[in-house]
Structures are given as C-alpha cells and as structure tokens.
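Q: when you get a sec, could you give me coordinates for this:
(2 chains, ligands or ions: 1)
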Amino acid sequence: MNDHLSDEQIQLYLDSAEELQADETGQHLESCQSCRRTYLQYQLLAGEVSRPIPTKLSGDFAAKVTKAAFAPKTGPVAEPDQSRLAAWILPVAASIGSIMIWAYFAGWDQFWATALSGFLHGYTAVTEPLSSLRESFGFLGDSTGLILAAGMLLLLFGSMDKIIRVLSRMRTTNFSII
Amino acid sequence: MNDEDSKLISSVLDGSQSGFRLLVEKYQRLVYHIVSKMVPEAEHEDLCQDVFLKVYKNLSGFQQQSKLSTWIGRIAHNSCLNYLEKKKVVLYDDITSEEQTIDSVASDHSSPEESALASDLGARIRQEIDSLPVKYGTILVLYHLEDMKYDEIGTIMQLPPGTVKSHLFRARKMLKDKLLLKYNIEDISL
Ligand SMILES: [Zn+2]
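A: Now for the predicted structure:
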C-alpha cells in the first residue's frame, strides 16, 4: 500500500469502472481513503459534466434551416458581371470593327494587309478575301459602306449580349439541385 | 453507418424537405455542443444554421463508410475554426502551456447575473468548463455529453486518438484542481 494510484489510473478506472470492477485499481480504491477521495471527486465531476446543456437555439430552428436550405436560388447568378462587361466591351469592339471596315473601303487595305501579314502567312492570303469583299460591296461607295458595316456589326455585338445571357441561364438551370 | 442515417441521407438527396428537417433535429444538439463551446453566444444560431446549410450542400459527397455524426461534427468544428480565424482568435497555440492558453471564447459572454446564479455545483462546474481552453471544453462535451469515443472525437477535431485522451485527462484534472482551489474542498468531496 506504499504507492498510491496515479491520476491517469484513477481516470482510466472512472471511464471503464464496470469492466475493471475487480482489478488491482479497484482493490486499491477499496482500501485507500486518499485515492478513493480523488476517485469520488472525479466521479462527481464526470456526473456533472454529463448533465445535458440546455440548447439555446430558437424553437423552430430545424424548420428555419430547412426553409433556408430549400429556398430557390433567387436572381440570375452571374448576370451582373456579364451585363457590365457587355456595357463597355461590346460598343468598343463594334466601334473598332466599324473603323477597320471603313478604313478598308477608304483604301487603307494596303496598310492593314502589311500590318497583318507579319502575323499571318502572307500578303495574298490576307488581301485575296479582302479584295473579293471590296469587289462585291465596293460599288456602294465609302460612306454607305461605313454605315452598313457599322450597323451590321452593332447588330451582331448587340445581340451577342443576349446570346450570352440565354446560354448562361441554360447553364445555371442544369446545376440547380431542385 | 446505421440504417436510419442511410435512409435519412437518401431521402434528403431525393429532395425531401421533411427528411432534411429530421436530420437537423437529430443532429442539432451535437452541432450546438461544438459551436457553443467554441464561439461567443451571439453567433451560435447563425453558425449552427451555416453548418447545416453546408451539410445540405455537401451531402451528396458524403462517404457512407464514415459516421454521419462525425462528418457533421467535423463540419461544425471547421466552421468554428473558420469563424475564429476570421476574427483573428488564436486558438490552438501550444496547449501545454496551460497558464498562457487563451481562455474560452465562449465564456466571454458570461454575465454577472450568470455568475450569481452559479450557486449549485453543476452551474459552477459549467462555468469552470467555459473558462477552460476551448479545445478542452470541446473534448469534454463530446466525450461526456455525446458519448463519443477517442477516435470519433479525433476525426472531428483532427487529432490523434491518443492526443484526445491526454487532453481529456488533463481537462478533467484541471477542472478538478480549479474547483478544489476555488471552492471549499468539502463542497466537492464526499
Ligand atoms: Zn492510494
């Protein structure tokens, strides 16, 4: 009876008292008042710690959470970004495109062809389609060509915005859970 | 995983609202136990709701070989850690330096009225648990109130089972010593 139980031995006994009823620790606890006192303090503590804590959540917590989880996702998801993009990118692109086409009809094709040939595979490859385009529409004259080209491009870019919106809506629908 | 949980999960994945509600009702106590030990009271309801929304969102990816309770518990624990990280609360410093460890965040709210109410031993002990390091309080609650085993607690808190055990033992010893020191020794000895 010289050695008292360690704190760990007492706590182990506390957690598995039923299985260890007859072991050495149990025998020591029966005969040693000091260790038994510690054990009983732990037992009291464990009993108190195991008492349920009142849950301070609102009474309809489960209903509230369920409602939030199943609420339909409101509003198109990525639309704000895309319309902001469309608001400045599309007009700018249309303007640049119109100026380029106008420049071609005004006879600046030599300049463009030279500039582009650096990147493409040769002068003729660039000028051939351009020349045939001028042959078809050249009769319209410079100003008419400009207006027509600008109108066509603006129409195209303008509806691009709507095409993107329709496509993104289709995508969002596929991903929604319910 | 048990049959009841499997059925619950299937029903939720099939879009059943009542199934999800049952799941929340079944596990809200567990989630509350973790959240209430880790973050201030004002955040309990919102954080518990966040946890269940994450559970709902990620349920299809749940690996059915693990227990639903530990999976949900882990989401709750991680959500609290994220919250504390955002609030810049350092939690898991070296817990061995007990004197320096940050006391419970959850206890920040205990009012003078609550202290006055702590007349019985149970209330005193709960107050002392709240003043333990957060990690210790969480382990105590999971072990004694949720009846979880070391490895289950370890899964939730991302700790080896042996560490869970040593933290649990140290937490109870700290609690016992604090109570013996603070109150008349006769109060808690029999
Ligand atoms: Zn002894």
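
Q: now do the contacts for the residue positioned nearest the centre of chain B.
A: In chain B, the centroid-proximal residue (Cα atoms, centre = their mean) is B:Ile34; its distance is 2.2 Å. Residues near B:Ile34 by Cβ atoms under 8 Å, 6 or more residues apart in numbering or on different chains: B:73, B:76-77, B:80, B:138, B:141-142, B:156. Using the backbone N, CA and C atoms, a C-beta is placed for each residue, glycine as well.

Q: where does pLDDT dip in the chain?
A: Went with chain A since none was named. Within chain A, the ranges that satisfy pLDDT under 70 run A:1-2, A:17-22, A:74-88, A:90-91, A:99, A:101-151, A:153-154, A:156-158, A:160-178.

Q: that's the wrong chain, I meant chain B
A: For chain B, counting by pLDDT under 70, the residues that fall below are B:89-119, B:183-190.

Q: swap in 90 and give it another go.
A: Within chain B, the set of residues satisfying pLDDT under 90 comprises B:1-3, B:63-66, B:86-131, B:178-190.

Q: that one: strands as residue ranges?
A: Secondary structure of chain B, counting by DSSP state E: no strands present.

Q: how about the residues of it by chain A?
A: B:15, B:17, B:20-21, B:24-25, B:28-29, B:32-33, B:36, B:41, B:44-45, B:48-49, B:52-53, B:56, B:121-122, B:125-126, B:129, B:140-141, B:144-145, B:169, B:172-173, B:175-176, B:179-180, B:188-190 (Cβ under 8 Å from any Cβ of the partner chain).

Q: just the buried members of those residues?
A: B:20-21, B:24, B:28, B:32-33, B:36, B:44-45, B:48-49, B:52, B:56, B:121, B:125-126, B:129, B:140-141, B:144-145, B:169, B:172-173, B:175-176, B:179, B:188 (16 or more other Cβ atoms under 10 Å in any protein chain shown).

Q: show me the residues you listed that map onto helices.
A: Of these, the ones assigned to helices by DSSP state H are B:20-21, B:24, B:28, B:32-33, B:36, B:44-45, B:48-49, B:52, B:56, B:121, B:125-126, B:129, B:140-141, B:144, B:169, B:172-173, B:175-176, B:179, B:188.

Q: if we ignore the residues flanking it in sequence, what's nearest B:Ser6?
A: Once flanking residues are discounted, B:Ser6 sits nearest to B:Gln64: 6.9 Å by Cβ to Cβ, 6 or more residues apart in numbering or on different chains.

Q: and the one you found, how close does it get to chain A?
A: Distance of B:Gln64 to chain A, computed by Cβ to the nearest Cβ, to the nearest Å: 19 Å.

Q: correct me if wrong: that residue contacts B:Ile9.
A: Yes: with contacts counted by Cβ atoms under 8 Å, B:Gln64 reaches B:Ile9, the gap being 7.5 Å.

Q: between the two, which has more neighbouring residues?
A: Taking neighbours as other Cβ atoms under 10 Å in any protein chain shown, B:Gln64 and B:Ile9 compare with B:Ile9 leading, 19 against 11.
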